[in-house]
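Student: only the shape, not the letters, is given here:
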């Protein structure tokens, strides 16, 4: 989809015969009618009754191609069977198109509703004008406008052209939750049939006429560069047509097939300048975190004065390693550079960043780069980077032909970005009943945004306000952040800092419960017994909502009844991305290792758009979080990432996957995040279950390597 100015966009909608095109614009200034305003979503209704909803977020398995159109279709009063979905590429029409931070639904809920409602009201007006009747006598229902008094009706398609000539209303009524017909229903995902039949096109599936394939030889040492290379053996491989340096740290091998490119790379002789990190190792990285203990932190949350609280004092330290995203579909992007234009087919979470970075890399203007967003075989934050896109564009420019750059699994594991390692120091002061009257949580970790050169206001990584807030209304409570540095390339990974903060806090709360001789579920419920509002940056956390989620988890898991023989349970709760999550994990111990049998997960994420998608998201997040908790660990030796494939960075196997029960707390609040909130409570709930079974406290992840 090519970028359009606002004038071009509106003009296209009122062109004769164009039907009705609706864009919803969020104002960025006092005048909501200037070109700088950008829509968050839009809708096309053609005279042939074809209704197309454009999805401006990327589909990576989370269901946005279904859920987002459901919101708009609800207010439009559309017949869901008529809806067709179109994936938007990078465009000026949609504001920020980043898919991440569990933001797709929560940030577009109101814009999508208003876009649908605007269209509905314009269609009603068009029908009233056509019939010469009052608007109040017309209603929208299932893709038609009806006039009950005369038993007349017109389809949206029949009204589209007239509606397209009407002014866009500034204020429109929105439906109440009790009147929803589409939102809240278990509608089938629109992308599932093509995935089942093999017709779905992921980035790695894309083929173009005359397309070549490329793999890159990258410096194995973090931060290293190409010194020189000898390509005579590579060019002897059948099908290899080009070998050349791409950027400072990689050499591309291009061939007629993926296998030919891989063989050409295998025999390529490259001399590397290993740079300043050639002796870097994990021990030194962890030592750097420890050395930062004495640094003054910045306050993320402060209530009372924890240092002055008196009573029994308990301290603990928790640590987490670097982790890799490891999506099933490795990195790839297809580019076709043609001198004055460059087309991309990218499985990306950031189409606009891909566009802008590629434009800079190949010397074009952003509007000369077209980004076609494909399906993704998992993202988890890795595709928030745009290195794949830049590489493919540079190779295409070098060979003057379309090319697909493919990363192998080892490339994706060893030349990636990683979730930061972190250290957590917690201290609590308990009253005579064993409950905390003071709590301090120091988070010591490098900043992802800081490393990438983005602003870190007042020393606070911009991700922390969404991911590391308070759970309990403890009277004296301090959360601090100490920023450190690391040469290891960092990237956002599913739940980012929330997994780390949640693991440390909820493991520590369990320690406090056992120190007090109390049931860990009842202990948490007592801490949440008072209705409080905890202001954390721009978010207000409600203890009542967390308590409701935890109570439902206790009920659904049968917490008050003993588990079966040899079975043990652990509990944890946490809030992030404005959602509340509680989980109970049930395990047994086999050969001194935990086997997870059942996870009961309860979420309060506001209004649920599609219950089936919420269940899928939470189930996937728990499986992902379980694999991370058990085994995920990236280590560095001699400047090189050690792990390379699923043999030494193993995902969860099917036989290891537990039964996952998902429940949502009924709510009429606006939807909040759902893709990531299920991840943080999993690791502490599992570790708390292990403690219940063994009386051994796990304070470092992963569990099987700690």
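Tutor: Perfect, thanks for sending it. Worth saying up front: this structure is predicted, and the values here are computed from it rather than measured.

Student: so what touches stretch 626-636?
Tutor: Here stretch 626-636 makes contact (CB atoms under 8 Å, 6 or more residues apart in numbering) with 222, 280-282, 285, 321-324, 326, 418, 488, 499, 594, 596, 599, 641-643, 649-652, 656-658, 679, 682-683, 686-687, 701-705. From N, CA and C alone the C-beta is placed, and that goes for glycine too.

Student: ditto for stretch 405-417
Tutor: With CB under 8 Å, 6+ apart as the contact definition, stretch 405-417 has outside contacts at 204, 213-216, 218, 220, 252, 258, 261-262, 324-327, 330-335, 382, 385, 388, 391-392, 395, 489-491, 640-641, 643-646, 649.

Student: start to end distance for it?
Tutor: Stretch 405-417 has an end-to-end distance of 18 Å (criterion: CA to CA, to the nearest Å).

Student: what about it, average pLDDT?
Tutor: Stretch 405-417 shows a mean pLDDT of 98.

Student: likewise for stretch 192-200?
Tutor: Regarding stretch 192-200, the rounded mean pLDDT is 95.

Student: likewise for stretch 607-623?
Tutor: 98.

Student: and residue 343, how far from residue 576?
Tutor: When CB to CB, to the nearest Å is applied, the distance between residue 343 and residue 576 equals 37 Å.

Student: mind listing the helices for the stretch 401-550 of the chain?
Tutor: 409-414, 448-451, 464-467, 496-515, 520-527, 543-557 (DSSP state H, counting those that start in this stretch).

Student: one step back: just the buried ones from the contacts of stretch 626-636?
Tutor: 222, 280-282, 285, 321-324, 326, 418, 488, 499, 594, 596, 599, 641-643, 649-652, 658, 679, 682-683, 686-687, 701-703 (16 or more other CB atoms under 10 Å).

Student: show me how far stretch 490-500 is from its chain's centre.
Tutor: Between the centre of stretch 490-500 and the centre of its chain there are 10 Å (CA atoms, centre = their mean, to the nearest Å).

Student: distance check, the residue nearest the centre of the chain against residue 612.
Tutor: By CA atoms, centre = their mean, the chain has its centre lying nearest to residue 100, at 3.6 Å. Residue 100 is 22 Å from residue 612, where distance means CB to CB.

Student: lowest-confidence helix or strand of the chain?
Tutor: Each helix and strand of the chain was given a mean pLDDT (mean pLDDT, DSSP states H and E); the minimum falls on helix 6-14 at a mean of 32.

Student: excluding residues flanking it in the chain, which one is nearest residue 438?
Tutor: In space, not counting the residues next to it along the chain, residue 438 is nearest to residue 309; the distance is 3.0 Å by CB to CB, 6 or more residues apart in numbering.

Student: who's in contact with residue 522?
Tutor: Residue 522 makes no contacts at all, as judged by CB under 8 Å, 6+ apart.

Student: the same query, at a cut-off of 10 Å, please.
Tutor: For residue 522, the contacting residues are 513, 554, 559, 560, by CB atoms under 10 Å, 6 or more residues apart in numbering.

Student: so the residue lying farthest from the centre of the chain, which state does it fall into?
Tutor: Of all residues in the chain, residue 150 sits farthest from the chain's C-alpha centroid, using CA atoms, centre = their mean; the distance is 50.1 Å. For residue 150, the secondary-structure state derived from DSSP: H, G, I helix; E, B strand; the rest coil is coil.

Student: residue 343 and residue 576 - which one has more neighbours?
Tutor: Between residue 343 and residue 576, counting by other CB atoms under 10 Å, residue 576 is the more crowded of the two (31 against 19).

Student: pretty sure that one contacts residue 605?
Tutor: No: Residue 576 is not in contact with residue 605 according to CB atoms under 10 Å; the separation is 11.1 Å.

Student: so what sits against both of those two?
Tutor: Shared contacts of residue 576 and residue 605, defined by CB under 10 Å, 6+ apart, are found at 102, 672, 673, 677, 678.

Student: please flag which of those sit within strands.
Tutor: Judged by DSSP state E, strands contain none of the shared contacts of residue 576 and residue 605.

Student: from the residues you listed, which two are the most distant?
Tutor: The widest separation within these, taken as CB to CB, falls between 672 and 678 and amounts to 12.8 Å.

Student: if I look at residue 650, how far off is residue 379?
Tutor: If you measure residue 650 against residue 379 using CB to CB, the figure is 20 Å.

Student: from the contact counts, what lies against the longest helix along the chain?
Tutor: Ranked by residue count, the top helix of the chain under DSSP state H comes out as helix 104-131. Here helix 104-131 is seen to pack against strand 20-26, strand 38-45, strand 51-55, helix 64-76, strand 138-141, strand 144-147, strand 152-155, helix 156-163 when contacts are counted using 3 or more CB pairs under 10 Å, 6 or more residues apart in numbering; DSSP states H and E.

Student: including mean pLDDT, could those go into a markdown table?
Tutor: Below are these laid out as a markdown table (pLDDT from 0 to 100):
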| stretch | mean pLDDT |
| --- | --- |
| strand 20-26 | 51 |
| strand 38-45 | 59 |
| strand 51-55 | 93 |
| helix 64-76 | 97 |
| strand 138-141 | 98 |
| strand 144-147 | 98 |
| strand 152-155 | 97 |
| helix 156-163 | 90 |
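
Student: tell me the most buried of those?
Tutor: Using mean count of other CB atoms under 10 Å, the stretch among the helices and strands packed on helix 104-131 with the greatest mean number of neighbours is helix 64-76 (a mean of 26).

Student: name the residues of the next helix or strand after that one that are buried.
Tutor: Elements were assigned by DSSP states H and E; along the chain past helix 64-76, the next helix or strand is strand 83-87. Neighbour counts using 16+ other CB under 10 Å place 83, 85, 87 of strand 83-87 among the buried residues.

Student: try stretch 272-287
Tutor: Using 16+ other CB under 10 Å as the test for burial, stretch 272-287 gives 272, 274, 275, 277, 280, 281, 282, 285.

Student: from the chain's centroid, how far away is it?
Tutor: 30 Å.

Student: and stretch 195-202, by the same measure?
Tutor: Distance of stretch 195-202 from its chain centroid, counting by CA atoms, centre = their mean, is 22 Å.

Student: list the buried residues in that stretch.
Tutor: For stretch 195-202, the buried set under the neighbour-count rule, 16+ other CB under 10 Å, comprises 200, 202.

Student: residues making contact with it?
Tutor: 59-61, 189, 191-194, 205, 207, 328-329, 332, 345, 347, 372, 374-378.

Student: follow-up on the earlier one: pick the most deeply packed of the helices of the stretch 401-550 of the chain.
Tutor: helix 496-515 (a mean of 25).

Student: next, the contact list for residue 329, please.
Tutor: With contact set as CB under 10 Å, 6+ apart, residue 329 has these partners: 60, 202-205, 347, 374-379, 382-383, 407, 412.

Student: let's see it at 6 Å
Tutor: Taking CB atoms under 6 Å, 6 or more residues apart in numbering as the criterion, residue 329 is in contact with 202, 204, 377, 378.

Student: now it: how far from residue 628?
Tutor: Residue 329 sits 19 Å away from residue 628 when distances are taken as CB to CB.

Student: likewise for residue 476?
Tutor: Taken as CB to CB, the span from residue 476 to residue 628 is 32 Å.

Student: same check on residue 432?
Tutor: Counting by CB to CB, the separation of residue 432 from residue 628 is 38 Å.

Student: cool, and residue 422?
Tutor: The gap separating residue 422 from residue 628 is 14 Å, by CB to CB.

Student: surely residue 275 and residue 226 touch.
Tutor: No: using CB atoms under 6 Å as the test, residue 275 is too far from residue 226 to be in contact (11.2 Å).

Student: having no further points to raise, I will conclude here.
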